[in-house]
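Undergrad: Okay, here's the prediction I keep looking at, along with the sequence it came from:
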Amino acid sequence: MLKWFKGFFVALVVAVLSTSTAFTSEKLDQESLVRTEMAVLHNALKTTIDALVLNDPGKIHPAFDEVHSISERLDLEIRNGGKIALPKNQKRFKEFVRLDHKFHHDLEALLTAANKNNASAVLRQTHRLLDACVRCHTIFRN
Ligand code: HEC
């Protein structure tokens, strides 16, 4: 009797877990795309600051390789009409997209400056990007 009960309980837990995963997996996919981009962005910015402080601009461009491939996926998702869940101000989604595009535009300018070994432009663009991180988070992140 006890064995039967245990078996039933395990089956119930498995059933509940599998339905809840199926229910949220699509949502998680999109949410984790933003978070994944943010995680690699975070690392790339730290590398940029180190490269800037230690005058090693060659380190900057490769640090953003992963950011590019993830942001392309995110862009495609948005262009295909996929809704990206934002923690705050979901209604201002268009503004999020605009800030994101501006951010990537400034990022390209950073990479160009780094490739040209233009230290003052690297410094200016790094400041711009840092401002953009904070600005977007203030609106869209909890
Ligand atoms: C266009 C908007 C936008 C810009 C620009 C932006 N972020 Fe974010 N970031 C977000 C949003 C939205 C979240 C919250 C994601 C969530 O919790 O679903 C976030 C979350 C994060 C997180 C936390 C991730 C987690 O797992 O909770 C980090 C770290 C981060 N961003 C780093 C950065 C850095 C560094 C920059 C600048 C170099 C930056 N972000 C620029 C929108 C942005």
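TA: Cool, the structure landed. Residues are numbered from 1 along each chain as shown.
Undergrad: Need the per-residue pLDDT for Met1.
TA: We have a pLDDT of 51 for Met1.
Undergrad: what's the answer for the one 3 residues further on, then?
TA: Each residue has a pLDDT score; the one for Trp4 is 50.
Undergrad: cool, Ser18 as well?
TA: Note on Ser18: pLDDT of 42.
Undergrad: now the residue most central in space within the chain: how far from Val97?
TA: With distances taken as Cα atoms, centre = their mean, Glu37 lies nearest the centre of the chain, 2.4 Å away. From Glu37 across to Val97, the span is 13 Å (Cβ to Cβ, to the nearest Å). From N, CA and C alone the C-beta is placed, and that goes for glycine too.
Undergrad: Please apply the same query to Arg73.
TA: Distance from Arg73 to Val97, by Cβ to Cβ: 15 Å.
Undergrad: likewise Thr36?
TA: For Thr36, the distance to Val97 - Cβ to Cβ - is 18 Å.
Undergrad: got the residues of the protein near the ligand?
TA: Applying Cβ under 6 Å from any ligand atom, we find that the chain lies next to the ligand at 31, 34-35, 38, 41-42, 45, 86-87, 96, 99-100, 103, 129, 132-133, 136-137, 140-141.
Undergrad: one more time with 5 Å
TA: 34-35, 38, 41-42, 45, 87, 99-100, 103, 129, 132-133, 136, 140-141 (Cβ under 5 Å from any ligand atom).
Undergrad: ok, the residue lying closest to Ala113 once chain neighbours are set aside - contacts?
TA: Spatial nearest neighbour of Ala113, excluding adjacent residues (Cβ to Cβ, 6 or more residues apart in numbering): Ala121 at 3.5 Å. Going by Cβ atoms under 8 Å, 6 or more residues apart in numbering, Ala121 touches 109, 112-113.
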